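K.L.:
need a 3D model of the following:
(one chain, ligands or ions: 2)
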Amino acid sequence: PRPHPTIRVRPLTCTETRRGDQQVVHSLGDGAVHVSATSPSGCRGWGGLRHPLSRRCPHGQVNAARHDATFGFSAVFDAGASQEAVFEGSGMRQLVELAIDGFSCTVFAFGQTGSGKTYTLMGPLAQSETQPVSPALLGLMQRSFTCLLEQSRSRGSDLALSASYLEIYNEQVRDLLSPGPPCALPLRWSKTRGFYVENQLSVEFESLEAIVSLLLQGSQRRRTSAHALNRHSSRSHALLTIHIRSRTNQPPTWVLQAGACPSKQGTLCFVDLAGSERVKETGSSGELSVEANSINRSLLALGHCISLLAKPRGKRTHIPYRDSKLTRLLARSLGDSGITLMVACISPSSQCLSETLSTLHYASRARRVTTRP
Ligand code: ADP
Ligand code: MG
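P.N.:
Ligands and ions are numbered 1, 2, ... in the order given. Below you'll find the model as predicted:
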């Protein structure tokens, strides 16, 4: 089955609860999400629907007078949903299996800063080296790695696994696994390979420990390379790609006699997108405004490609993958042979209302994407 846009609503944080924020997002079951602002103070930003990511969208039914809106999705996980429930219910397990079968599979988490993207993909940060995160809280990534390694054993096929980890910061592609300070790598295109990153490091791994350690090392480099810790991590897009080459252990004898060894290659890519919040037109200057502009541009380009892909194939015009590094890198996964799972992360707080609506509109538009192998 093909995965569909999935919504994840995180619980209110302690700060939000203390501040007295209202919970304005409710899951109604059956994939329906209801957003309602009940008091005037809860309506902050309700009119702020103009956002780079949300053109006017016909999917959500907005009732301006009553300040509420309902959206329909194939899966909605609310504050009580466990990490395991998200893994099983989002179609992530099937995505891993399709990647093993040779497809280009991508899961991307998007939403405003603080909405739970990293938590959903990787789980919470470890308190310290000696206090690892409880296994129940591990995110989609670790669960997928486990599933991948289990499958590789149980299928009796010989899977060759390798990983690459990139970030896109200010429209520059950087390798998070190469030694030394992150340097910008050129993004090229060739007829046979499509878009690819030149000199990108790819590291082979065979165990869960090895890939988790690559993930943590890369993520750390992403975080420490900026002045403001948390800020930076949400100011770049991070792409971890697992390359899966599978060879059958026992190919039929006639194949061996022909001297061929059949193999297929799939990919599983995890994308932690930069925060989608609208950047104030005023006030930001210098480095921050450069950052903000490149994030806006790339998210806008992604939204544009997604909305064009959502049209029936016959009515589609040219898809402008070249508009940003992000869309170039995601071209194969978004294109006709790729399979994409989107996880839209939202905060239930009244303070985040405007961004929440933007995220839901963005996800609604993506719902129509019909990439199918
Ligand atoms: P983002 O990556 O979107 O900026 P984070 O994943 O860092 O956001 O989440 C922001 C905060 O909310 C973190 O402290 C995180 O632990 C917490 N959080 C996010 N999602 C959940 C959840 N489903 N359950 C509990 N805490 C969560
Ligand atoms: Mg994050």
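K.L.:
how far is stretch 297-315 from where the chain is centred?
P.N.:
16 Å (Cα atoms, centre = their mean, to the nearest Å).
K.L.:
export it as CSV, just CAs?
P.N.:
Presented in CSV, the C-alpha positions along stretch 297-315 are these (Å, rounded to 0.1, in the frame of the first residue of the first chain):
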residue,chain,number,x,y,z
ARG,A,297,12.9,29.5,-1.3
SER,A,298,13.5,25.8,-0.9
LEU,A,299,10.3,25.0,0.9
LEU,A,300,8.4,27.1,-1.6
ALA,A,301,10.1,25.1,-4.4
LEU,A,302,9.2,21.9,-2.7
GLY,A,303,5.6,23.0,-2.2
HIS,A,304,5.4,24.0,-5.9
CYS,A,305,6.7,20.7,-7.2
ILE,A,306,4.4,18.8,-4.9
SER,A,307,1.4,20.7,-6.0
LEU,A,308,2.3,20.2,-9.7
LEU,A,309,2.8,16.5,-9.1
ALA,A,310,-0.6,16.4,-7.5
LYS,A,311,-2.2,17.1,-10.9
PRO,A,312,-3.3,14.2,-13.1
ARG,A,313,-0.4,13.0,-15.2
GLY,A,314,-2.0,14.2,-18.5
LYS,A,315,-2.4,17.8,-17.2
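K.L.:
average pLDDT for that stretch?
P.N.:
The pLDDT scores in stretch 297-315 average 82.
K.L.:
pick out the residue closest to the middle of this structure.
P.N.:
Geometric centre of the chain, nearest residue: F108, 1.5 Å, by Cα atoms, centre = their mean.
K.L.:
secondary structure class of the spatially closest residue to that residue that is not a sequence neighbour, three-state.
P.N.:
Residue nearest to F108 in three dimensions, not counting chain neighbours: V271, with 3.7 Å by Cβ to Cβ, 6 or more residues apart in numbering. C-beta coordinates here come from the backbone N, C-alpha and C atoms, glycine included. Under DSSP: H, G, I helix; E, B strand; the rest coil, the three-state class of V271 is strand.
K.L.:
the residue of the chain positioned farthest from its centre: what's it in contact with?
P.N.:
In the chain, the residue that sits farthest from the middle, by Cα atoms, centre = their mean, is Q257; the gap is 43.6 Å. By Cβ atoms under 8 Å, 6 or more residues apart in numbering, no residues touch Q257.
K.L.:
contact residues of the protein facing ligand 1?
P.N.:
10-11, 13, 111, 113-119, 124, 234, 275, 345 (Cβ under 6 Å from any ligand atom).
K.L.:
C105 - how many residues pack around it?
P.N.:
Neighbours of C105 under the rule other Cβ atoms under 10 Å: 29.
K.L.:
same question for G20.
P.N.:
With other Cβ under 10 Å as criterion, G20 counts 8.
K.L.:
which SS class is the closest residue to ligand 2 within the chain?
P.N.:
Ligand 2 sits closest to T118 of the chain, with a gap of 3.3 Å, by Cβ to the ion. Put simply, T118 is helix when judged by three-state DSSP.
K.L.:
now it. Nearest residue, chain neighbours left out?
P.N.:
T118 sits nearest to D272 (Cβ to Cβ, 6+ apart), 5.9 Å away.
K.L.:
and the pLDDT at that neighbour?
P.N.:
Note on D272: pLDDT of 93.
K.L.:
again, but for A65
P.N.:
We have a pLDDT of 42 for A65.
K.L.:
again with L53
P.N.:
37.
K.L.:
before we move on, what about V290?
P.N.:
Here, the pLDDT recorded for V290 equals 75.
K.L.:
ditto for V203
P.N.:
96.
K.L.:
wait, F205 touches A160, no?
P.N.:
No - taking Cβ atoms under 8 Å as the definition, F205 is not a contact partner of A160, at 10.0 Å.
K.L.:
higher neighbour count, those two?
P.N.:
F205 (18 against 15).
K.L.:
the helix or strand containing I168 close to ligand 2?
P.N.:
Using DSSP states H and E, I168 sits in strand 157-169. No - using Cβ under 5 Å from the ion, strand 157-169 stays clear of ligand 2, coming no nearer than 11.9 Å.
K.L.:
what strands flank that strand, and is each parallel or antiparallel?
P.N.:
Paired strands of strand 157-169, with direction, are strand 172-175 (antiparallel), strand 203-205 (antiparallel), strand 237-248 (antiparallel) (DSSP bridges).
K.L.:
any idea which of the ones you listed gets closest to A292?
P.N.:
Closest to A292 of these is strand 237-248 (Cβ to Cβ; 13.7 Å).
K.L.:
what sits against L308?
P.N.:
R316, T317, I319, P320.
K.L.:
ok, the last one to L166 distance?
P.N.:
In this structure, P320 and L166 are separated by 21 Å, where distance is defined by Cβ to Cβ, to the nearest Å.
K.L.:
S74 now?
P.N.:
Remark: distance between S74 and L166 (Cβ to Cβ) = 29 Å.
K.L.:
the more surrounded of the two?
P.N.:
Set S74 next to L166 and count neighbours by other Cβ under 10 Å: L166 wins out with 28 against 17.
K.L.:
that one pairs with what?
P.N.:
Counting by DSSP bridges, L166 is bridged to D175, L239.
K.L.:
got the phi/psi numbers for the residue nearest to G80 when sequence neighbours are not counted?
P.N.:
In this structure, G80 finds its nearest non-sequential neighbour in P11, 7.9 Å apart by Cβ to Cβ, 6+ apart. The phi/psi pair for P11 (degrees, to the nearest 10) reads phi -70, psi 160.
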